[in-house]
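J.: Build me a model from this:
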Amino acid sequence: MILDQVLAQGYLTHFDWGCESENHCGWAIIEAEDESQARMVVPTLLRGKAEVFRVTKFAREDVASMHNEH
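T.: Residues are numbered from 1 along each chain as shown. I've put the predicted structure just below:
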């Protein structure tokens, strides 16, 4: 049912699924303005339970800067 809903929303290719490892969860990395916009990608049946995290890519310079700050 969840896969059908994700497919109907047009987001199937945005998700990676753990089903073949008996972990029936999906993960997606998307660009969104805020948490509520990101949550709209989650199927309605799971939207209230979904965990949404802001993720960041770091460059070499960022790591050096972090070391200098501490």
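J.: Who are the contact partners of the nearest residue to Leu12 once chain neighbours are set aside?
T.: Closest residue to Leu12 apart from its sequence neighbours, by CB to CB, 6 or more residues apart in numbering: Val6 at 5.2 Å. In short, each C-beta sits where N, CA and C put it, glycine included. Neighbouring residues of Val6 by CB atoms under 8 Å, 6 or more residues apart in numbering: Leu12, Phe15, Gly26, Pro43.
J.: what residues are up against Thr44?
T.: Thr44 is in contact with Gln5, counting by CB under 8 Å, 6+ apart.
J.: For it, pull up the helix or strand it's in.
T.: For Thr44, there is no host helix or strand (DSSP states H and E).
J.: change the start of the numbering to 17 and stick with it
T.: Renumbered: residue one is now 17, and that last one reads Thr60.
J.: Quickly note the distance from it to Ala44.
T.: Distance of Thr60 to Ala44, computed by CB to CB, to the nearest Å: 15 Å.
J.: Leu61 now?
T.: Separation of Leu61 from Ala44 (CB to CB): 15 Å.
J.: I'd like to know how many residues surround Val71.
T.: Residues near Val71, counting by other CB atoms under 10 Å, number 5.
J.: Hmm, I typed the wrong one, I wanted Leu19.
T.: Taking other CB under 10 Å as the definition, Leu19 ends up with a neighbour count of 13.
J.: Once you drop chain neighbours, what's closest to Tyr27?
T.: Nearest residue to Tyr27, sequence neighbours excluded (CB to CB, 6+ apart): Val57, at 5.4 Å.
J.: Tell me where this protein has strands.
T.: 31-33, 42-44 (DSSP state E).
J.: Need the residues that contact the last one.
T.: Going back to what we said before, that points to strand 42-44. Strand 42-44 has contacts (CB under 8 Å, 6+ apart) with Ile18, Val22, Tyr27, His30, Phe31, Asp32, Trp33, Gly34, Val57.
J.: pLDDT wise, what is the third one at?
T.: In this case it means Tyr27. Note on Tyr27: pLDDT of 87.
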